[in-house]
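In: Coordinates for the following, if possible.
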Amino acid sequence: MSAAKFPLGRLVATPNAIAAVPADQILAALLRHLVGDWGQMTVHDWEANELALTEGCRLCSVYRTRAGQKFWIITEADRSATTVLLPEDY
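Out: Reported below is the predicted structural model:
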């Protein structure tokens, strides 16, 4: 496994994400997010995340559960917190 590219900070999840995304799939996505695998992002958004690593901006990833539920992971610019949420929670 690759090394972590940034700290996650405090981990939180919305109630909707907890209900819709199995815990093992949240953990797997968090590990991907942590090493810079941004999931199902556009090329533009993927490049923006790469820049955000060096500029200290917010990081966003998009994943889907095995059942097809889309969910996001967002790490704040100051790296104080990472949130797992559904798009409708934003």
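In: Going by residue numbers, what spans are helices in this protein?
Out: For the chain, the helices defined by DSSP state H occupy 15-20, 23-34, 43-55.
In: separation between Gly68 and Lys5?
Out: Distance, Gly68 to Lys5, by C-beta to C-beta, to the nearest Å: 28 Å. The C-beta positions use only the backbone N, C-alpha and C, and glycine is treated the same way.
In: got a pLDDT number for the residue most central in space within the chain?
Out: Centroid check for the chain by C-alpha atoms, centre = their mean gives Ile73 as the closest residue, at 2.5 Å. Per-residue pLDDT puts Ile73 at 98.
In: That one contacts Pro87, correct?
Out: No: using C-beta atoms under 8 Å, Ile73 is not in contact with Pro87; the gap is 11.8 Å.
In: Can you work out which residues contact both of those two?
Out: Contact criterion C-beta atoms under 8 Å, 6 or more residues apart in numbering; residues shared by Ile73 and Pro87: none found.
In: tell me the contacts of the residue nearest to the centre of the chain?
Out: Applying C-beta under 8 Å, 6+ apart, the residues contacting Ile73 are Ala29, Leu30, His33, Cys60, Ser61, Tyr63, Thr82, Thr83, Val84, Leu85.
In: Does the second one touch Thr82 like I think?
Out: Right, the one you point to is Leu30. Yes: with contacts counted by C-beta under 8 Å, Leu30 reaches Thr82, the gap being 7.3 Å.
In: So which of the two has more stuff around it?
Out: Between Leu30 and Thr82, counted using other C-beta atoms under 10 Å, Thr82 has the larger neighbour count: 22 against 18.
In: Who does the more buried one form a beta bridge with?
Out: Leu11, Thr75 (DSSP bridges).
In: so what's it scoring on pLDDT?
Out: pLDDT for Thr82: 98.
In: which residues touch it?
Out: Listed by C-beta under 8 Å, 6+ apart, the contact set of Thr82 reads Leu8, Gly9, Arg10, Leu11, Val12, Leu30, His33, Ile73, Ile74, Thr75, Glu76.
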